[in-house]
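**Q** the sequence isn't on hand, but the structure is:
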């Protein structure tokens, strides 16, 4: 696929279950223990590190959050990963955004195999080429809207290879202003997060995420804590970013009212793609 930004090939993600604590209901593991698709793994799944294929006796008590997922996400478009809680959409988002590694399978991001990269290479990839927006906005409370957005440029220009940053320092002021105007907050640049509504804070988070001109923007349930009208405004901003900035955006949601705004929708259930 010529205009493919992300290619996912036969990806699975398994998490070991502690003995005697397997949840009831749902999909069965190799040894017949029932595992619910709505139940989070009993191990700490928030620690993103290297993972090795699970085999032999270790494969007998596994929660499979993803099962042989293959998909292609187009460049410069808004793609939604849709599914109820526990469907595997956030696990998939973490893997394709280089926050987690699959147990099996490969992920290509703009032709690069991110599953074969070292941790240092993945860190650099995330800092320079990927933007993130979370359900909890996580703005720095002691910084203004302008300073929060500028901070993203400071991060992108720090560390090894800083000379390769996409935004020269002399252009930072203009870039920050442009990003805040793009999300409709040109008049709120000097305001602190506590002086803004939840929707305004989320828009600052969007401006911060795109400030360094990432190739891909990943958003995990970005409208979950917003009212319907504000949520629609956020997704329309995503559409504008795709068209004006050429950024590829992948977001998760269970809100069926947002599906018609996406260029591509993948539906997940029990860790598998059931539509897309």
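**A** That came through fine. Note that this is a predicted model, so its numbers are computed, not measured. Numbers count the residues shown, from 1 in each chain.
**Q** and residue 188, what pLDDT?
**A** Residue 188 is assigned 95 on the pLDDT scale.
**Q** that one and residue 132: what is the separation?
**A** According to C-beta to C-beta, to the nearest Å, residue 188 and residue 132 sit 22 Å apart. Placement of C-beta: from N, CA and C, glycine included.
**Q** same check on residue 215?
**A** From residue 215 to residue 132 the distance is 13 Å (C-beta to C-beta).
**Q** residue 256 now?
**A** Noted for residue 256: a distance of 24 Å to residue 132, by C-beta to C-beta.
**Q** what about these two, which has more around it?
**A** residue 132 (18 against 8; other C-beta atoms under 10 Å).
**Q** which phi and psi does the more buried one have?
**A** Here is the backbone geometry of residue 132 (degrees, to the nearest 10): phi -130, psi 140.
**Q** same question, residue 152
**A** Reported as degrees, to the nearest 10, the phi and psi values for residue 152 are phi -60, psi -40.
**Q** check what pLDDT it gets.
**A** Looking at residue 152, its pLDDT is 92.
**Q** what is the neighbour count of it?
**A** Neighbours of residue 152 (other C-beta under 10 Å): 23.
**Q** equivalent analysis for residue 272, please.
**A** Residue 272: 18 neighbours (other C-beta under 10 Å).
**Q** what separates the closest residue to it other than its chain neighbours from residue 12, distance-wise?
**A** Of all residues beyond its chain neighbours, the one nearest residue 272 is residue 67 (4.9 Å), with distances taken as C-beta to C-beta, 6 or more residues apart in numbering. Look at residue 67 and residue 12: by C-beta to C-beta, they are 6 Å apart.
**Q** cool, and residue 259?
**A** 26 Å.
**Q** let me know the secondary structure of the residue nearest to the spatial centre of the chain.
**A** Closest to where the C-alpha atoms of the chain average out (C-alpha atoms, centre = their mean) is residue 218, at 3.3 Å. Per DSSP: H, G, I helix; E, B strand; the rest coil, the local secondary structure of residue 218 is strand.
**Q** in contact with the nearest residue in space to it that is not next to it in sequence, which residues?
**A** Closest residue to residue 218 apart from its sequence neighbours, by C-beta to C-beta, 6+ apart: residue 97 at 4.3 Å. The neighbours of residue 97, taking C-beta atoms under 8 Å, 6 or more residues apart in numbering as the test, are 126, 130, 132, 216, 218, 250.
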